[in-house]
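**Q** only geometry, no sequence info:
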DNA sequence: CAAAAACGTTGATGCTGATCAATTCGCAGG
DNA sequence: CCTGCGAATTGATCAGCATCAACGTTTTTG
């Protein structure tokens, strides 16, 4: 039942990268598992920040409710990725994290994690790298939102998902979208109709296969080519 | 010449928040000052990551060259803010940092800073908060880019600048833009003409005074009101 | 199992902001 | 002082995506 970090198949993706057995054991001791059903929220905007979460299995989205009451998705997270880093800044979460399928996370109480990173240098380094990676990831999205047109955004989105599936040992060419067209659109700064139309267009052009949420990448190079062309 | 953190008027904004004298002294020892002329680059995308930088005086932009060769501005930074956090993720900087006016930074070699944050708990906490704040900041920009229309973005931009000026003890209602219309547009995902038009419109409506790069906020509530209205 | 709700697709139309273009302004250098 | 160049303003036109709307499909639920 209780799977230790040392036996976790994700340890090379997760905070545990590069830790020796003794240190892995220390990390183990502060980790608690938690299961979530599809649709359940891991935390909500405004909640006190108490822990960070490593995704063991499943798929999440993070979103923010804007002042106008619109939901905007800020990210989709899968196994090995860390949730909750936004909460450090002022001791409260600024976004909601919702499971898009039945999922399991490793809860890492932040005060204990903080102590442990002062103790273990390589854990500290890994922790900083994860935060920095989140910053870099957000900046790529800023570029996507600031400079790409609709079809480029969607091609980039599909390629990104595909790439992350590959890293986790899943098929990079065939996968199931866990989110709705509306959530994709919200993430990419587009309307759901635009997402749907782009999928249909890519389908017609033989770039992808689409059947509802089931996606096949038929011509990855073709998708990549869409990104390199000047916007107009 | 050499101004210690303990005597720095920015210590309440900077990493040094909440450190006692002894710890401030330790931080002092690793900091080196560096001056930059307007237009000079602090680091470039691809440079090896060696240090983080606290801005003592001046004004910076960070930008990324996209694959298509377009420059996109990812942020504007002023006194007390930290530059370089993007570099931790893979030991190389992913963006360029350029001084938009004559500036001075405190160079903090990263390996030493890392050691010191393991030594000083409150410095560690402050460091994590800065990284988290950067994540939150990037996410607000994602929301701006993903869900606001042109005039809302520009109102938000002006209010944000104004607010940051206030925190630093400058006038919140009258300031000098250090960047061009094109740089503002790049940051906000708009074209320079759109920025110019919005400035003119706000001017005509009595919300702001504009004379080239000199801005006066005449009706801050009016600008805020632009943000709260539904997009259509 | 039937009905309803949620999700997705496709078409027609219109608005926002990009694009193209001309002019003015401000400033640095000969 | 005039010249030349980058920056900014303003106008006219156009295209991309949003919006509105109708319909089809899948999933959920009692």
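**A** In hand now; what should we look at? Quantities reported herein were computed from a predicted structural model and do not represent experimental measurements. Residues are numbered from 1 along each chain as shown, chains lettered A, B, ... in the order given.
**Q** name the SS class of the most centrally placed residue in chain A, please.
**A** The centroid of chain A falls nearest to residue A:77 when counting by C-alpha atoms, centre = their mean (1.9 Å). Following DSSP: H, G, I helix; E, B strand; the rest coil, residue A:77 is assigned to strand.
**Q** excluding its backbone neighbours, what's nearest it?
**A** The shortest distance from residue A:77 to any non-neighbouring residue, by C-beta to C-beta, 6 or more residues apart in numbering or on different chains, is to residue A:60 (4.5 Å). Backbone N, C-alpha and C define where each C-beta goes, glycine included.
**Q** isn't that neighbour up against residue A:76?
**A** Yes - counting by C-beta atoms under 8 Å, residue A:60 touches residue A:76, with 7.0 Å between them.
**Q** name the residues contacting each of those two.
**A** Counting by C-beta atoms under 8 Å, 6 or more residues apart in numbering or on different chains, the contacts common to residue A:60 and residue A:76 are residue A:100.
**Q** of those two, which one has the most company?
**A** Between residue A:60 and residue A:76, residue A:60 has the larger neighbour count (other C-beta atoms under 10 Å in any protein chain shown), namely 25 against 21.
**Q** my guess is that one is in a helix, correct?
**A** No - in this structure, residue A:60 is strand, not part of a helix, as judged by three-state DSSP.
**Q** tell me the SS of residue A:108?
**A** Under three-state DSSP, residue A:108 comes out as strand.
**Q** where does it land on pLDDT?
**A** On pLDDT, residue A:108 comes in at 97.
**Q** same thing with residue A:4?
**A** In this model, residue A:4 is scored at 84, pLDDT.
**Q** quick check: it touching residue A:28?
**A** Yes - using C-beta under 8 Å, residue A:4 is in contact with residue A:28, at 4.8 Å.
**Q** and the two? which has more neighbours close in?
**A** residue A:28 (17 against 14).
**Q** can you name the next helix or strand after the helix or strand harbouring the more buried one?
**A** Per DSSP states H and E, residue A:28 falls inside helix A:21-30. Note on helix A:21-30: by DSSP H and E, the next helix or strand toward the C-terminus is strand A:32-36.
**Q** do the helix or strand harbouring residue A:73 and DNA strand D come into contact?
**A** Assigned by DSSP H and E, residue A:73 belongs to strand A:71-78. No - under the criterion of C-beta under 7 Å from any atom of the strand, DNA strand D is not reached by strand A:71-78; the shortest gap measures 12.3 Å.
**Q** so what touches that strand?
**A** A:55, A:58-66, A:83, A:95, A:97, A:100, A:137, A:141, A:161, A:164, A:168, A:178-179, A:183, A:186-187, B:139, B:142-143, B:146-147.
**Q** go on, stretch A:170-190?
**A** A:59, A:61, A:63, A:71-76, A:100-101, A:144-145, A:150, A:153-154, A:157, A:161-163, A:165-166, A:191-192, A:194-196, A:199, A:213-218, A:220, B:145-147.
**Q** which of these are close to DNA strand C?
**A** Applying C-beta under 7 Å from any atom of the strand, the subset of the contacts of stretch A:170-190 adjacent to DNA strand C comprises A:192, A:195, A:196, A:199, A:213.
**Q** in TSV: those residues, plus secondary structure, distance to chain B and neighbour count.
**A** Shown next, in TSV, are those (DSSP: H, G, I helix; E, B strand; the rest coil; distance: C-beta to the nearest C-beta, whole Å; neighbours: other C-beta atoms under 10 Å in any protein chain shown):
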residue	secondary structure	distance to chain B	neighbour count
A:192	helix	14	14
A:195	helix	13	23
A:196	helix	18	16
A:199	helix	19	19
A:213	coil	22	12
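**Q** now the helix or strand harbouring residue A:197: mean pLDDT?
**A** Element membership for residue A:197, per DSSP H and E: helix A:192-204. Mean per-residue pLDDT for helix A:192-204: 98.
**Q** near DNA strand D at all, that helix?
**A** Yes - Helix A:192-204 comes into contact with DNA strand D (C-beta under 7 Å from any atom of the strand), by way of A:193, A:194.
**Q** same check on stretch A:167-180?
**A** No - using C-beta under 7 Å from any atom of the strand, stretch A:167-180 stays clear of DNA strand D, coming no nearer than 9.8 Å.
**Q** in that stretch, which residues are buried?
**A** Neighbour counts over stretch A:167-180 (16 or more other C-beta atoms under 10 Å in any protein chain shown) mark A:172, A:175, A:177, A:178, A:179 as buried.
**Q** wait, isn't residue A:142 in contact with residue B:141?
**A** Yes - taking contacts as C-beta under 8 Å, residue A:142 lies within contact range of residue B:141: 5.7 Å.
**Q** quick one on the thing from earlier: what sits up against the helix holding residue A:197?
**A** Contacts of helix A:192-204 (C-beta under 8 Å, 6+ apart): A:150-151, A:154-155, A:180-182, A:184-185, A:188, A:208-210, A:223.
**Q** run the last query once more with 6 Å
**A** Contacting residues not belonging to helix A:192-204 are listed as A:150, A:151, A:154, A:181, A:182, A:184, A:185, A:208, A:210 [C-beta atoms under 6 Å, 6 or more residues apart in numbering or on different chains].
**Q** in its sheet, what does the helix or strand that that helix is followed by sit against?
**A** Beyond helix A:192-204 on the C-terminal side, the first helix or strand identified by DSSP H and E is strand A:208-211. For strand A:208-211, the paired strands and their directions (DSSP bridges) are strand A:214-217 (antiparallel).
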